[in-house]
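**Q** This is a predicted model, with the sequence first.
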Amino acid sequence: MVAVLLISALTVNAQDYNWAIGVRGGGANAGLTIKNNLGANALEFGIDLGWTDYGRLQVLYEWQTPVIADGFNLYYGIGGYVGAWNFRENAKIGVGAEAVVGLEYKIPSVPIAFSLDYRPSVSVLPEFGFGYSDVGFGVKFCF
């Protein structure tokens, strides 16, 4: 029984789609995401718009591992962002690093995936320090 479980776990693909586009919302922002699966890894691009004067572009490199049952994947990764805030006053530019850990469920018979993740960040410019941490829920169309 253990051997069968190990063999089946090793033969499961991380994802069964190449591209996905969707939306992700969290406590502080909402935005558009585009994900390109590279097998067991992925690149995810995002545009976040804050509920106040805030916006940023981000890119994340992610590792993906099948978990729980068919269609579920744990993903984790690192990347960076460029952002701006206080558009109405003195616009400020920020650059930083970001991490992600989350769970995604791709519905097997429908080209839709749902995700829930946590994204902490570290600001590098204009000053070094911990950025915001965000928990977000996403819905993506897969193709």
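**A** Nice, I can see it.

**Q** any weak-confidence spans in this structure?
**A** 1-15, 51-52, 87 (pLDDT under 70).

**Q** so where do the strands sit in it?
**A** With DSSP state E as the criterion, the chain has strands at 19-26, 29-37, 41-50, 54-66, 72-85, 92-106, 112-125, 129-142.

**Q** Describe which strands the last one pairs with in its sheet and in which direction.
**A** For strand 129-142, the pairing partners within the sheet under DSSP bridges are strand 19-26 (antiparallel), strand 112-125 (antiparallel).

**Q** Okay, angle between it and strand 41-50 too, please.
**A** On the basis of axes from the mean of the first three to the mean of the last three Cα atoms, to 10 degrees, strand 129-142 is oriented at 110 degrees to strand 41-50.

**Q** Buried residues in strand 129-142, which are they?
**A** Gly131, Tyr132, Asp134, Gly136, Gly138, Lys140, Cys142 (16 or more other Cβ atoms under 10 Å). In short, each C-beta sits where N, CA and C put it, glycine included.
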